[in-house]
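Trainee: predicted model, plus sequence, below.
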Amino acid sequence: MSITTDKNIIHFKLGKACVPGMVTSGYVFIAASIFPVITESTSGYIGGAALFVFGCFLAFSTAGVDLDTERKRLNNYTNYFNLYKTKNWISLDKFEYITVLMFNKEHTIYSRSNRSISTDAKKYDVYLTDSKGFNRQILTSFDHAKQATNYALKIAKILEMEFITFHNNLL
């Protein structure tokens, strides 16, 4: 997750556009694109090129949010190969509040002997939301509540929105 700013646009990079397992598959496809070339045939070159392009698509496409503070709008984007960025601008008028929501992420790994290891991690997401909380838009994520809260307060001040909290442990 990274955050950069231009003159009037704040960029929130959320991470890879694909699920994490697919990103790893993308690197595998890139590596596998070398093998068809070894055959030194036309179909080998074409197959290798196809595997390489598909692997790059999976591995290097990113998703994020652009927040235009001047025009009061945001763009959910997917950046393909860092060359083509989709545009889906929506108005901030339907959002009234900024909040931080906490999510528990649990990962379980199973071994061949069917033993499992579980890890828990908390993630704090900064959201724009409406008055009922049903219509919401993620801006960015943090690992610590204090960082997320401080950043949400900063963005709330820039957008002239009210910061609300659902959890007492965030402030």
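Mentor: Thanks, I have the structure now. Numbers count the residues shown, from 1 in each chain.
Trainee: now the closest residue to residue 35 other than its chain neighbours: phi and psi?
Mentor: The shortest distance from residue 35 to any non-neighbouring residue, by CB to CB, 6 or more residues apart in numbering, is to residue 48 (7.4 Å). All C-beta atoms are positioned from the backbone trio N, CA, C, and that covers glycine. Main-chain torsions, residue 48, degrees, to the nearest 10: phi -60, psi -40.
Trainee: and residue 45, by the same measure?
Mentor: Torsion angles, degrees, to the nearest 10, at residue 45: phi -70, psi -40.
Trainee: okay, it and residue 35: tell me how far apart.
Mentor: 12 Å (CB to CB, to the nearest Å).
Trainee: cool, residue 146 as well?
Mentor: 49 Å.
Trainee: next one, pLDDT for the closest residue to residue 54 other than its chain neighbours please.
Mentor: Nearest residue to residue 54, sequence neighbours excluded (CB to CB, 6+ apart): residue 29, at 5.5 Å. pLDDT recorded at residue 29 is 78.
Trainee: change the start of the numbering to 616 and stick with it
Mentor: New numbering, starting at 616: the last item is residue 644.
Trainee: can you classify residue 644 by secondary structure?
Mentor: helix (DSSP: H, G, I helix; E, B strand; the rest coil).
Trainee: repeat for residue 640
Mentor: helix.
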